[in-house]
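Undergrad: Okay, structure incoming, though there's no sequence with it:
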């Protein structure tokens, strides 16, 4: 499973990813939230369109960042909130 943390697999096009036999790409919700951001992904019609990938995408929730960036976080019953630098 290739890693496309920020919606792309480094140095490969979506066609290249298919040629190596990948069936799914891993991405990271937290990193996508930071860049390019929700609004731009929404303008493209969603993550699949933004990535030009019509197969499954597994998105990490960003939970690791919520704990590893402890100095920037606030945990409430509604979720984990990170202060962006």
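TA: Great, that's in hand. In this text the structure is predicted, and so the values were computed from the model without any measurement.
Undergrad: Please report how far the one residue sitting closest to the centre of the chain lies from residue 74.
TA: The residue lying closest to the centre of the chain (CA atoms, centre = their mean) is residue 28, at 2.9 Å. From residue 28 across to residue 74, the span is 20 Å (CB to CB, to the nearest Å). C-betas here are computed from N, CA, C, even on glycine.
Undergrad: Kindly report the same for residue 29.
TA: Taking CB to CB, one finds residue 29 at 18 Å from residue 74.
Undergrad: if I look at the residue nearest to the centre of the chain, how far off is residue 15?
TA: 22 Å.
Undergrad: re earlier: beta partners of the residue nearest to the centre of the chain?
TA: Beta-bridge pairing for residue 28 (DSSP bridges): residue 60.
Undergrad: Return the residues in contact with it.
TA: 5-6, 59-60, 62 (CB atoms under 8 Å, 6 or more residues apart in numbering).
Undergrad: From those, keep the buried residues only.
TA: The neighbour-count criterion (16 or more other CB atoms under 10 Å) marks 60, 62 among the contacts of residue 28 as buried.
Undergrad: ok, the contacts of residue 28 vs residue 33, which is closest?
TA: Closest approach between these and residue 33, by CB to CB: residue 62, at 7.2 Å.
Undergrad: Assess the claim that the closest one and residue 29 are in contact.
TA: Yes. Between residue 62 and residue 29 there is a contact under CB atoms under 8 Å: 4.7 Å.
Undergrad: residue ranges of the strands in this structure, please?
TA: Counting by DSSP state E, the chain has strands at residues 25-28, 57-60, 73-76, 79-82.
Undergrad: Return the most buried member of these.
TA: A comparison of the strands of the chain by mean neighbour count, using mean count of other CB atoms under 10 Å, puts strand 25-28 on top with a mean of 20.
Undergrad: Low-confidence stretches in this protein?
TA: Within the chain, the stretches with pLDDT under 70 are 84-85.
Undergrad: Relative to its centre, which residue of it is most distant?
TA: Quick read of the chain (CA atoms, centre = their mean): farthest out is residue 77, 23.8 Å.
Undergrad: Who are the contact partners of the spatially closest residue to residue 32 that is not a sequence neighbour?
TA: With sequence-adjacent residues excluded and distances taken as CB to CB, 6 or more residues apart in numbering, residue 32 is closest to residue 7, at 6.1 Å. Applying CB under 8 Å, 6+ apart, we find residue 7 in contact with 27, 32, 36, 41, 47, 50-51.
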